[in-house]
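Student: need the 3D shape of this:
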Amino acid sequence: MMPTFRQRLPLYLKLVRLDKPIGILLLLWPTLNALWLASDGHPDWKLVAIFTLGTALMRSAGCAINDYADRDFDRHVKRTAERPLTAGKIAAWEALAIAAALALFSFLLILPLNGLTQLLSIAAVIIAGSYPYFKRFFAIPQAYLGIAFGFGIPMAYAAIQGTVPASAWLLLIANIFWTIAYDTEYAMVDRDDDIKIGIRTSAITFGRFDVAAVMLCYALSLGMLFMIGWQAGLRWWFVLGLLAAAGCALYHYVLIRKRDRLRCFAAFRHNNWLGAAVFAGIVLDYALNYALR
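Tutor: Take a look at the predicted model:
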């Protein structure tokens, strides 16, 4: 007897990683930063809801596409061998159908928004869908992942301002460096397996300079964020948020410097707090400055 949808639902939820919300948060923090910066600290709450839900849907769709693309590789990696698609618990067409449905729902969310935002959303889907294949030939696929994970930034500016200014693209570049940092930590967990199966990652490309590269990327990302925020009129609460984020980055150095797999994975997961610190600094600075006017 064929299993019912209700019986297969737990497998679908695992496919799109709803049991591991860290990925949603890593996409959400830079998108929220963009919403606050683009609106001078006063985003429309409907937009916040649209972008929050859209981020969750697109991250989930991306996970389904990633598992489809990597289904023949993941069985050779201990950490991913039991994913539903790789383990044969669901079919490849199911993963594609779920990804398509989630992407469609995400697009429906932005139909009330302007044409530029809708056009950027199409680009976002193309980038997210093509990312898994960059690992076949691109030496640092984490940079492309940073574009995919940060494309909510130009979309947020487009939705609020009707254009994408230079500061939005600089914010996207800052997110690319942050993504390279935390996803290199993630890739350090699977480095030995990735070398065996021929997958390219920044952890392999950076080689013995991997820890130094991670810390350099953190420094570049936080430095760019400082320039963007300061130019936007943010001051000391924002700076305190960045200092807290820098403290998180230094803690990650302590975790990854000996390249222990479990500690590298812990550093990756801790990036949620780094992103939260930056966002908290932005929100507090806008809110308290407004209260003092």
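Student: wait, what's in contact with the spatially closest residue to residue 164 that is not a sequence neighbour?
Tutor: Leaving aside its chain neighbours, residue 164 sits nearest to residue 154 (4.5 Å; criterion: Cβ to Cβ, 6 or more residues apart in numbering). The way it works is simple: take the backbone N, C-alpha and C, and place the C-beta from them, glycine included. Neighbour list for residue 154: 34, 120, 164, 168-169, 172 [criterion: Cβ atoms under 8 Å, 6 or more residues apart in numbering].
Student: just the buried ones from those?
Tutor: Neighbour counting over those (16 or more other Cβ atoms under 10 Å) leaves 34, 120, 164, 168, 172 as the buried ones.
Student: need the contacts of residue 154 in a markdown table (columns: secondary structure).
Tutor: Below are the contacts of residue 154 laid out as a markdown table (DSSP: H, G, I helix; E, B strand; the rest coil):
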| residue | secondary structure |
| --- | --- |
| 34 | helix |
| 120 | helix |
| 164 | coil |
| 168 | helix |
| 169 | helix |
| 172 | helix |
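Student: closest one of those residues to residue 240?
Tutor: Nearest to residue 240 among the contacts of residue 154: residue 34, at 20.4 Å, using Cβ to Cβ.
Student: and that closest one, how far from residue 120?
Tutor: Going from residue 34 to residue 120 by Cβ to Cβ, to the nearest Å gives 12 Å.
Student: one more: residue 197?
Tutor: For residue 197, the distance to residue 120 equals 34 Å [Cβ to Cβ].
Student: now swap in residue 24 and tell me
Tutor: Between residue 24 and residue 120 the computed distance is 20 Å (Cβ to Cβ).
Student: now residue 142: which helix or strand?
Tutor: Element membership for residue 142, per DSSP states H and E: helix 141-150.
Student: send the alpha carbons of that helix over as PDB?
Tutor: Presented in PDB, the C-alpha positions along helix 141-150 are these (Å, rounded to 0.1, in the frame of the first residue of the first chain):
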ATOM      1  CA  PRO A 141      31.300  28.000  -4.500                       C
ATOM      2  CA  GLN A 142      30.700  29.600  -1.100                       C
ATOM      3  CA  ALA A 143      31.000  33.000  -2.900                       C
ATOM      4  CA  TYR A 144      28.100  32.100  -5.200                       C
ATOM      5  CA  LEU A 145      26.200  30.800  -2.200                       C
ATOM      6  CA  GLY A 146      26.700  34.200  -0.600                       C
ATOM      7  CA  ILE A 147      24.900  35.800  -3.600                       C
ATOM      8  CA  ALA A 148      22.100  33.300  -3.300                       C
ATOM      9  CA  PHE A 149      21.800  33.800   0.400                       C
ATOM     10  CA  GLY A 150      22.000  37.500   0.200                       C
END
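Student: for the record, mean pLDDT for the very next helix or strand once past that helix?
Tutor: Counting by DSSP H and E, the next helix or strand C-terminal to helix 141-150 is helix 152-161. The average pLDDT within helix 152-161 is 97.
Student: centre of the chain to helix 152-161, how far?
Tutor: Centroid separation between helix 152-161 and its chain, computed with Cα atoms, centre = their mean, to the nearest Å, is 16 Å.
Student: list the buried residues in it.
Tutor: Buried residues in helix 152-161 (16+ other Cβ under 10 Å): 152-160.
Student: can you redo the residues you listed as JSON lines with distance to residue 90?
Tutor: Output for the buried residues of helix 152-161, formatted as JSON lines (distance: Cβ to Cβ, whole Å):
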{"residue": "152", "distance to residue 90": "28"}
{"residue": "153", "distance to residue 90": "33"}
{"residue": "154", "distance to residue 90": "34"}
{"residue": "155", "distance to residue 90": "30"}
{"residue": "156", "distance to residue 90": "33"}
{"residue": "157", "distance to residue 90": "37"}
{"residue": "158", "distance to residue 90": "36"}
{"residue": "159", "distance to residue 90": "35"}
{"residue": "160", "distance to residue 90": "39"}
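Student: just the element for residue 186, please.
Tutor: Assigned by DSSP H and E, residue 186 falls in helix 166-189.
Student: what helices or strands is that helix leaning on?
Tutor: Of the remaining helices and strands, those touching helix 166-189 by 3 or more Cβ pairs under 8 Å, 6 or more residues apart in numbering; DSSP states H and E are helix 22-38, helix 141-150, helix 152-161, helix 202-206, helix 210-231, helix 236-256, helix 261-292.
Student: what's the offset of that helix from the middle of its chain?
Tutor: Between the centre of helix 166-189 and the centre of its chain there are 8 Å (Cα atoms, centre = their mean).
Student: just the buried residues of that helix, please?
Tutor: Quick answer for helix 166-189 (16+ other Cβ under 10 Å): 167-168, 170-189.
Student: right, I'll leave it there.
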